[in-house]
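1. A structural model of the following input is requested.
(chains A and B)
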Amino acid sequence: MESFFARHKNATILAVVLTAQILGLATQIKRPTESGPVRLIRQWAVALVTPFGRGFVYSEHWVRHAWRDYIYLRGVHHENVELREQIERMRLEQIRMEQDAAQARRIQALLQFKEQYISQTVAAQVIGSSGSETSHLIYIDRGSNEGVEPNMAVITPEGIIGKVLRVYPSTSQVLEITDQTSGVGATLVKSRLQGILKGQPAGNPNLAYIMADESVVPGEDVITSGGDRIFPKGLPIGKVASVSPGRDLFLNVRVTPSANLSRLEEVLVITKITEKEADTKGLGPIRAADILAQRLPSVPDKPAGATPNSATGGAPQTPSSTGAGAPAASTPGAAAAPKPAVNAKPSAPVPGSASGKPVTAGTAASKPAASPTNGAAAKPKATQTQPAKPTVENPKPATSGEDTP
Amino acid sequence: MNTSYTSREQVEVYRFSWGVAVGVPLLVLFLQGFIPVRVSALRILDLPLVVTIFFAISRRNPITGLGTGCLIGLVQDALTQHPIGVNGIAKTVVGFLASSLGVKIDVEQPGSRFLLIYFFYLLHQLIYFGIMRGLANEPLIWRWGHQLLGALLDSLIGVVLFILLDRFKQRV
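-> From the prediction side, this is the model:
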């Protein structure tokens, strides 16, 4: 017996090592929860490998930061000017959206609709991956020390990335949405069809459980449905890349992720989601008659020029303050105190103004209703504290920044 | 003593310093995880497999070979969400066979190294897929074109890596 082992020493050791690994593998597959030794091995492996990634990423950032911020400054001034212009454009856009949001909040309040808000995030650097074709995992440099927990959503501004799978003190594993063990509740934006986004062994993820008789068009946006209780509702996932008949009465809907998963550097971990009803404080009361009044056609205002010294006390009637496109430059006595926009009737629907009360500064309706293409509503309204400038002198009121929201 | 060209004494056996024996596998495991973050398509490479083969054929000791393969494979498994042992088993077998084969054939020429890595890549993938589908019940799809391409790229990279790693060899 002894001579047999001595003669076949190598083969015996191989058999022992393989048997031990197969037994260990079978035990792990049998048990759904991770046992202590397995978790320990994973923790050691992560502790061995991730410091290299962390060091490399931090050094790379330091070098890139030094180069970009101190050495390579060509074109910075030009870029600065462009960015400032972009900010001005976005301010206008923001104002318009604030009004839409205010209206949405009122309707949500009427319906007692609860919405999820991302209230806290942690920014993290991607420092590595599993390195396997069959496992779409990434490692981030934030862990339990920073408040990261399993099943937290990981996103970028472009779209969702995945969810936190395992957490270590200063590192976390993130399962990408392209992994075949991943599943995300998803909604098609136009058709409002709901399905589950599942990763595939090869290629883009598939939106499962869409019935074959439904109409899905390539290019349609896909967002999170919130049904998985991990990702808040409405985050972008991607676009439908292709649609083909699948198995068992379902369509095979391939989705191209919005986020560039093949080259990730920085991500956000959503550490806190709050669920609350729409807050309508400061938006003014709303009645059924108010909503009705918005929808009914209204009598156009008289031109401001027809009543030069009316109730406004000779205030300058800029197009925005009249709201109906009245010629402001023709109004005499322009330098007097601005009036509250009592007669204002913006071209875009403004909920607050429909309540029948004077629209005062600070409410949603006191702001320009739309982008400059919306004509009169583009000009910020005069407030009690800050007189409006005549339109002729300041043809770009929206870019003056005086009514910064 | 006169030696024939087929005798064991004709085959040179190498050893490595502790720094190289531990540092190179760790570095390669880091690169295997880090490179796909920047270039996703390079997930197809298996650099730890290349290093397993290199150490196995250089040391020419089957027990050391299977031990190296086992350890590298287990760490690689621990970095994924899959059960630990799939890569471990595949690389144990590869380490054992590579060191056994290293005694019998010339492994110093780039051509033979290329063929060796090509063959072991495919063998490794077959074992890996077999375990994943048979034991772990994972629905993986075997694509011949993809696997052959992976073997080709891994072999090309492997030949270059072998030349670099040859510098750390110490003759016994």
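
2. check contacts around the most centrally placed residue in chain B.
-> Chain B has B:Leu49 as the residue nearest its centroid, 2.8 Å off, counting by C-alpha atoms, centre = their mean. Residues touching B:Leu49, when contacts are defined by C-beta atoms under 8 Å, 6 or more residues apart in numbering or on different chains, comprise B:91, B:94, B:117, B:120-121, B:124, B:154. Every C-beta, even on glycine, is put in place using the N, C-alpha and C of the backbone.

3. can you put those residues in JSON lines and add neighbour count and pLDDT?
-> Formatted as JSON lines, those follow (neighbours: other C-beta atoms under 10 Å in any protein chain shown; pLDDT from 0 to 100):
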{"residue": "B:Lys91", "neighbour count": "33", "pLDDT": "96"}
{"residue": "B:Val94", "neighbour count": "26", "pLDDT": "96"}
{"residue": "B:Ile117", "neighbour count": "28", "pLDDT": "95"}
{"residue": "B:Phe120", "neighbour count": "29", "pLDDT": "96"}
{"residue": "B:Tyr121", "neighbour count": "25", "pLDDT": "96"}
{"residue": "B:His124", "neighbour count": "24", "pLDDT": "96"}
{"residue": "B:Asp154", "neighbour count": "25", "pLDDT": "95"}
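
4. would you mind listing the buried residues in stretch B:41-49?
-> By neighbour count on 16 or more other C-beta atoms under 10 Å in any protein chain shown, the buried set for stretch B:41-49 is B:42-49.

5. cool, stretch A:192-209 as well?
-> Applying a neighbour-count criterion of 16+ other C-beta under 10 Å, one finds A:193, A:195-199, A:204-209 buried in stretch A:192-209.

6. just give me the least confident of these.
-> Across the set of these, A:Asn204 stands lowest in pLDDT, at 86.

7. which residue packs closest to that one, ignoring adjacent ones?
-> Ranked by C-beta to C-beta, 6 or more residues apart in numbering or on different chains and with sequence neighbours excluded, the top spatial neighbour of A:Asn204 is A:Arg254, at 4.9 Å.

8. same check, this time on A:Tyr117
-> Leaving out its chain neighbours, A:Tyr117 is closest to A:Thr274 (C-beta to C-beta, 6+ apart), at 5.1 Å.

9. listing partners with orientation, what would you give for whichever helix or strand that neighbour is part of?
-> Remark: A:Thr274 resides in strand A:266-277, with elements defined by DSSP states H and E. When sheet partners are counted by DSSP bridges, strand A:266-277 sits next to strand A:114-129 (antiparallel), strand A:153-155 (antiparallel).

10. worst average pLDDT in these?
-> The minimum mean pLDDT among those belongs to strand A:114-129 (a mean of 84).

11. let me know the next secondary structure element after it.
-> Taking DSSP H and E, what comes next after strand A:114-129 is strand A:137-140.

12. for the helix or strand containing A:Ala47, which positions count as buried?
-> Using DSSP H and E, A:Ala47 maps to helix A:36-66. By 16+ other C-beta under 10 Å, the buried positions in helix A:36-66 come out as A:38, A:41-42, A:45-46, A:48-50, A:52-54, A:57.

13. now those as a markdown table including pLDDT and distance to chain B?
-> Rendered in a markdown table, the data for the buried residues of helix A:36-66 read as follows (pLDDT from 0 to 100; distance: C-beta to the nearest C-beta, whole Å):
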| residue | pLDDT | distance to chain B |
| --- | --- | --- |
| A:Val38 | 83 | 6 |
| A:Ile41 | 89 | 5 |
| A:Arg42 | 90 | 5 |
| A:Ala45 | 91 | 3 |
| A:Val46 | 90 | 7 |
| A:Leu48 | 89 | 6 |
| A:Val49 | 89 | 5 |
| A:Thr50 | 89 | 8 |
| A:Phe52 | 88 | 4 |
| A:Gly53 | 87 | 5 |
| A:Arg54 | 89 | 10 |
| A:Val57 | 88 | 8 |
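
14. include mean neighbour count when you put the strands paired with strand A:266-277 into CSV, please.
-> Converted to CSV, the strands paired with strand A:266-277 look like this (neighbours: other C-beta atoms under 10 Å in any protein chain shown):
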stretch, mean neighbour count
strand A:114-129, 18
strand A:153-155, 25
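
15. nearest to A:Ser3, out of the ones you listed?
-> When those are compared for distance to A:Ser3 using C-beta to C-beta, the nearest one is strand A:114-129, at 48.8 Å.

16. export the closest one to PDB, keeping only CA atoms.
-> Output in PDB follows, covering the C-alpha atoms of strand A:114-129 (Å, rounded to 0.1, in the frame of the first residue of the first chain):
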ATOM      1  CA  LYS A 114     -46.000  58.800  -2.700                       C
ATOM      2  CA  GLU A 115     -42.800  59.300  -4.600                       C
ATOM      3  CA  GLN A 116     -39.200  58.000  -4.000                       C
ATOM      4  CA  TYR A 117     -36.500  60.600  -3.700                       C
ATOM      5  CA  ILE A 118     -32.700  60.000  -3.800                       C
ATOM      6  CA  SER A 119     -31.800  61.800  -0.600                       C
ATOM      7  CA  GLN A 120     -28.200  60.600  -0.100                       C
ATOM      8  CA  THR A 121     -25.500  59.300  -2.300                       C
ATOM      9  CA  VAL A 122     -21.800  58.300  -1.900                       C
ATOM     10  CA  ALA A 123     -19.400  58.900  -4.800                       C
ATOM     11  CA  ALA A 124     -17.000  56.000  -5.400                       C
ATOM     12  CA  GLN A 125     -14.100  55.100  -7.700                       C
ATOM     13  CA  VAL A 126     -14.100  51.900  -9.600                       C
ATOM     14  CA  ILE A 127     -10.900  50.100  -8.700                       C
ATOM     15  CA  GLY A 128     -11.300  46.700 -10.300                       C
ATOM     16  CA  SER A 129     -13.500  44.000 -11.600                       C
END
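
17. so that strand versus helix A:36-66, what angle?
-> Angle of strand A:114-129 versus helix A:36-66, following axes from the mean of the first three to the mean of the last three C-alpha atoms, to 10 degrees, is 90 degrees.

18. what does the residue lying closest to A:Gly226 once chain neighbours are set aside show for phi and psi?
-> Spatial nearest neighbour of A:Gly226, chain neighbours left out: A:Lys233 (3.2 Å); criterion: C-beta to C-beta, 6+ apart. Taking degrees, to the nearest 10, you get phi -70, psi 140 for the backbone angles of A:Lys233.

19. how many other residues sit next to A:Lys233?
-> 13 (other C-beta atoms under 10 Å in any protein chain shown).

20. so it makes contact with A:Ser225?
-> Yes: judged on C-beta atoms under 8 Å, A:Lys233 makes contact with A:Ser225 at a distance of 6.3 Å.

21. thank you, goodbye.
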